[in-house]
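Participant: fold the following.
(one chain, ligands or ions: 1)
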Amino acid sequence: MEHWTRGPTVGRGSTATVSLATSSDGERFAVKSAELSSSALLQKEQCFLSKLGSPHIVKYLGYNVSIENNKPMYNLCMEYVPGGTLFDAIRRRGGRLEEAVIQLYTHQIVQGLEYLHVNKLVHCDIKSQNILVTGETAKIADLGCAKLVQGVEACTTISGTPVFMAPEVARGEEQGFEADIWALGCTIIEMATGGGPWPEINDPVSALYRIGFSGELPEIPSQLSSKGKDFLSKCLMKDPRERWTAKQLLDHPFLEQHLGSKFNTEQVMGSPISVLDQGLWDSFEASESPMELPSVEGVCLNSPTERIKKLIGFSTFSNVPNREFDENWCTVRSNIDEEIENFVVSNNNVVSDEEVFAAKSSTVASIVLEEIESIHCDEDLDFEFMISNSATEVSFVSNNLEIESDHPNFDFIHSHCFASILF
Ligand SMILES: Nc1ncnc2c1ncn2[C@@H]1O[C@H](COP(=O)(O)OP(=O)(O)OP(=O)(O)O)[C@@H](O)[C@H]1O
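Facilitator: Next up is the predicted model:
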């Protein structure tokens, strides 16, 4: 993906802009771009997408770094899906989809989810705005919030969109595969009604309390067939252990029956319209558990992680840590033979007090560990974790979760980085 030309913008999210692009041999594709300095989520998405291959997940084509307007841009290239999002399609269709179309799209989303879950990935942000459609095809997109589940433990960091969160996620307990199934249920409600699962709630904090603690369930749309209602009820089981898995849902009679797909694709397609700019429906990424609730105005929230990400800034991404910048590096632990992945964070302007040090270590650790887990899930690899003595740079190489060191800030690193303690 070296030679291509950026075309018109086709979509904007909170973290990136998506453009239509043309390769040197005339192929059209989509490029999701963010400034390199703030592309951590996009890079994480690249790591996930590059490992996946399913007709129900948007297809990865490559990535590169370009310089545009004197700024380095990180570009994730993927197939272009001309119909836009399912959210757009619902609006174009007059605010609701007929059951044959709901069934068709649901079937494909469940197939995509089953594929992700078999690969130990939780999408964490299933909603109509993250499903791309074209004619009779639906594909899961936007893996920016996705997480790799290791072993039987569900993720304890929480991401996603408040109104689509499952009760256990809203309570900040865990976010496993079951949470994607709940969000699928909410997406079916969107398709059937044109609205969200909790139409009467209009702020994220109320949504989280209601979902997590009221014991209520979203209303099942009355116009759905009995099979459709039953399918939805299996997605919206309060107890995640009782919720059906994607694999089970694939055998549900709602997906088995062939309602036919003779709907007018013209109506579902058409040019994408802009998405609602509504905090309640926007995603946020990785607040720690126990969960910190979003601010009322806030979309992207005042979680400690977000605050600190902003504080430190991500100003360098390089295959070689910039150790010349600060000569006094401390290797916290290393058994490295070969460098596999490198992530460097630096900010010359930050005062290097203990708090900032801890914050930097923690932020980098959480991002990098997720990144690394996603890349090398089954391998035991060499690793290195280094900190400059002035605490202005942190460097990770490869993937070990343990730190053993006599470093004076070891306690900070250990407790703040690896025990998921809020700071
Ligand atoms: N492959 C694609 N083909 C066509 N349009 C796309 C494609 N990928 C994304 N888009 C458009 O770009 C928009 C933004 O993309 P995306 O949701 O991936 O960005 P984001 O910054 O991760 O969003 P979010 O705010 O949910 O984090 C989408 O809503 C969609 O309209």
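
Participant: burial count for residue 28?
Facilitator: Neighbour count for residue 28, taken as other CB atoms under 10 Å: 13. (Glycine included, C-beta is placed from N, CA and C.)

Participant: my read: it touches residue 10, true?
Facilitator: No - the criterion here is CB atoms under 8 Å, and residue 28 misses it with residue 10 at 10.6 Å.

Participant: show me the common contact partners of the two, please.
Facilitator: Listed as contacting both residue 28 and residue 10 by CB atoms under 8 Å, 6 or more residues apart in numbering are 20, 80.

Participant: confirm that residue 10 sits in a helix.
Facilitator: No - using DSSP: H, G, I helix; E, B strand; the rest coil, the assignment for residue 10 is strand, not a helix.

Participant: and it, what pLDDT?
Facilitator: Note on residue 10: pLDDT of 92.

Participant: count of residues packed around it?
Facilitator: The tally of other residues near residue 10 (other CB under 10 Å) stands at 19.

Participant: list the contacts of it.
Facilitator: Residue 10 touches 18, 19, 20, 30, 80, 84, 272, counting by CB under 8 Å, 6+ apart.

Participant: for PyMOL, what selects the buried ones among the residues you listed?
Facilitator: The buried residues among the contacts of residue 10 can be selected in PyMOL (16 or more other CB atoms under 10 Å) with this line:
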select buried, resi 18+19+20+30+80+84+272
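
Participant: so which of the contacts of residue 10 comes closest to residue 71?
Facilitator: residue 19 (15.0 Å; CB to CB).

Participant: name the nearest residue to residue 41, ignoring sequence neighbours.
Facilitator: Excluding its sequence neighbours, the residue lying closest to residue 41 (CB to CB, 6 or more residues apart in numbering) is residue 144, at 4.5 Å.

Participant: that neighbour and residue 46 touch, don't they?
Facilitator: No - counting by CB under 8 Å, residue 46 is not a contact partner of residue 144; they are 9.9 Å apart.

Participant: more neighbours: these two, which one.
Facilitator: residue 144 (27 against 24).

Participant: mind telling me what element that one is part of?
Facilitator: Under the criterion DSSP states H and E, no helix or strand holds residue 144.

Participant: pull the contacting residues for it.
Facilitator: Taking CB under 8 Å, 6+ apart, we find residue 144 in contact with 13, 15, 16, 41, 42, 44, 45, 125, 283, 285.

Participant: just the buried ones among these, please.
Facilitator: 13, 15, 16, 41, 42, 44, 45, 125, 283, 285.

Participant: would you turn the residues you listed into JSON lines with distance to residue 240?
Facilitator: Formatted as JSON lines, the buried ones among the contacts of residue 144 follow (distance: CB to CB, whole Å):
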{"residue": "13", "distance to residue 240": "27"}
{"residue": "15", "distance to residue 240": "28"}
{"residue": "16", "distance to residue 240": "30"}
{"residue": "41", "distance to residue 240": "25"}
{"residue": "42", "distance to residue 240": "29"}
{"residue": "44", "distance to residue 240": "24"}
{"residue": "45", "distance to residue 240": "25"}
{"residue": "125", "distance to residue 240": "17"}
{"residue": "283", "distance to residue 240": "20"}
{"residue": "285", "distance to residue 240": "21"}
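
Participant: in stretch 89-102, what counts as buried?
Facilitator: 89, 90, 91, 92, 93, 96, 97, 98, 99, 101, 102.

Participant: pretty sure the second one contacts residue 101?
Facilitator: The reference is to residue 90. No - Residue 90 lies out of contact with residue 101 (CB under 8 Å); the separation is 9.6 Å.

Participant: and the chain, split by domain according to the record?
Facilitator: 4-79, 86-251 (the TED database).

Participant: turn these into JSON lines, including distance to the ligand.
Facilitator: Converted to JSON lines, these look like this (distance: least, CB to the nearest ligand atom, whole Å):
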{"stretch": "domain 4-79", "distance to the ligand": "2"}
{"stretch": "domain 86-251", "distance to the ligand": "4"}
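
Participant: comparing the ones you listed, which comes out most buried?
Facilitator: Highest mean neighbour count of the domains of the chain: domain 86-251, a mean of 21 (counted as mean count of other CB atoms under 10 Å).
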